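[1] pasting the structure only:
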Ligand code: PLP
């Protein structure tokens with residue numbers, strides 16, 4: 001088997017220290033060892049959420065964190081505005097609908113970011129119709145398209161038009177890799193997931209909530225139990241989680257946070273920006289058409305169109321026999337996109353390697369790619385970023 005290069009936008013590769021931490025013996029989850037561990041993990045994440053609120057850690061994938069954000073703070077019938085720029089925006093809306101929220105969708109073309117003025121207009125229309133949104137759902141980084149929303153300006157507009165509206169943010173593929181300022185941007189709930197920037201296997205969702213959100217939780221009436229964040233909030237000062245947690249994943253998160261602290265937040269963000277620049281330049285130099293609007297292209301996942309006449313599964317087979325795992329398109333872009341994940345434990349060298357393999361795969365199916373142009377462009381952009 002060739003060396004394996006896992007370049008999907010999660011699960012992301014585990015550093016050795018994180019793999020090793022996964023082989024630790026169990027400890028009791030109501031004892032002092034776990035108490036210390038959960039506090040360390042929670043506090044260790046604050047610098048990446050940038051909030052004075054506690055970061056709660058749920059045993060579930062990211063979707064569970066999004067569900068928690070819906071059921072803890074909303075009531076059936078609540079008007080909700082969902083700003084959707086792709087598959088995960090649609091999913092956030094589906095969760096709200098499943099629990100009876102009255103969802104209005106504001107959809108943008110896939111590949112584009114949300115436009116703040118359109119968000120303003122949508123809120124005004126809802127307010128004028130007597131349906132002031134109780135919450136706005138926004139995806140920070142849309143993994144299905146490789147677009148990062150201009151979250152600070154969206155949040156500013158939402159706050160200006162509807163001061164009491166909760167801003168619920170899907171930050172699953174963003175937090176820990178690109179800047180997040182939960183308090184400064186006045187966001188109410190931010191969710192992320194272990195298998196993305198955090199370099200931990202899937203199975204943990206991390207969620208922080210603002211004082212405004214906690215006030216709303218008292219009156220919220222959606223059915224909630226496992227994903228009741230009030231129970232998580234109240235357990236945290238005791239160094240506990242309400243239910244038996246995935247203890248092994250907490251060991252691994254603790255190890256990953258130590259690595260992140262050693263590297264430093266700004267260095268982590270710079271490394272992701274360099275990898276994003278490298279991926280975009282490498283693909284473009286090989287003639288792939290980048291899918292994301294260049295002004296809002298993501299630094300955690302890069303998407304490009306599968307060239308006309310090329311078959312995604314044939315192309316992907318060529319990547320896979322060379323050890324490269326990429327992601328394809330999702331939802332309506334299935335079979336039409338390739339996506340390179342570059343979050344977590346990834347360097348510009350890793351991106352250059354991925355671009356080399358993409359070049360080989362493209363040549364193998366007969367695409368007209370100029371040899372060596374992609375890797376050279378990727379390296380230049382990555383080192384210049
Ligand atoms: N939201 C975004 C932006 C994601 O990228 C993902 C996973 O890829 C999810 C939500 C869902 O998270 P999970 O698959 O961990 O439930």
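    That came through, no problem. Here the structure is a predicted model, which means the values were calculated and not measured. Numbers count the residues shown, from 1 in each chain.

[2] CA atoms for contacts and neighbours, from now on please.
    Fine.

[3] So which residues of the chain form strands?
    Across the chain, reading from the start of the chain, the strands by DSSP state E fall at 5-6, 55-59, 79-84, 102-107, 135-139, 141-142, 147-148, 166-170, 189-193, 204-209, 301-305, 324-325, 327-328, 337-341.

[4] Could you dump the ones you listed into TSV with mean neighbour count added?
    Converted to TSV, those look like this (neighbours: other CA atoms under 10 Å):
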stretch	mean neighbour count
strand 5-6	20
strand 55-59	26
strand 79-84	25
strand 102-107	18
strand 135-139	27
strand 141-142	31
strand 147-148	30
strand 166-170	27
strand 189-193	30
strand 204-209	26
strand 301-305	27
strand 324-325	22
strand 327-328	22
strand 337-341	27
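
[5] between the ones you listed, which gets nearest to residue 20?
    Relative to residue 20, the nearest member of those by CA to CA is strand 204-209, separated by 17.8 Å.

[6] residues in contact with the closest one?
    Contacts with strand 204-209, where a contact means CA atoms under 8 Å, 6 or more residues apart in numbering, come from 49, 51, 53-65, 188-195, 246, 249.

[7] Any chance of the strands of the chain in a markdown table with mean pLDDT as columns?
    Output for the strands of the chain, formatted as a markdown table (pLDDT from 0 to 100):
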| stretch | mean pLDDT |
| --- | --- |
| strand 5-6 | 98 |
| strand 55-59 | 98 |
| strand 79-84 | 99 |
| strand 102-107 | 98 |
| strand 135-139 | 99 |
| strand 141-142 | 98 |
| strand 147-148 | 99 |
| strand 166-170 | 99 |
| strand 189-193 | 99 |
| strand 204-209 | 98 |
| strand 301-305 | 98 |
| strand 324-325 | 98 |
| strand 327-328 | 98 |
| strand 337-341 | 98 |
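
[8] Can you pull the residues of the stretch 101-250 of the chain lying near the ligand?
    141-143, 170, 172-173, 193 (CA under 6 Å from any ligand atom).

[9] Residue 346: which of the residues you listed is nearest?
    Of these, the one sitting nearest to residue 346 (CA to CA) turns out to be residue 173, at 14.2 Å.

[10] my read: that closest one touches residue 192, true?
    Yes - counting by CA atoms under 8 Å, residue 173 touches residue 192, with 6.8 Å between them.

[11] that older thread, for the strands of the chain, which one sits closest to residue 129?
    Between residue 129 and the strands of the chain, the shortest separation by CA to CA is 10.9 Å, and it involves strand 79-84.

[12] buried stuff in stretch 5-24?
    By 16 or more other CA atoms under 10 Å, the buried positions in stretch 5-24 come out as 5-15, 18-19, 21-22.

[13] check those against the ligand, which are close?
    Near the ligand, by the rule CA under 6 Å from any ligand atom, you find none of the buried residues of stretch 5-24.

[14] In the stretch 251-385 of the chain, what residue spans correspond to helices?
    Assigned by DSSP state H, counting those that start in this stretch, the stretch 251-385 of the chain shows helices spanning 265-285, 312-321, 348-364, 373-384.

[15] Deepest in the core, which of these is it.
    Of all the helices of the stretch 251-385 of the chain, helix 265-285 carries the top mean neighbour count, a mean of 24, counting by mean count of other CA atoms under 10 Å.
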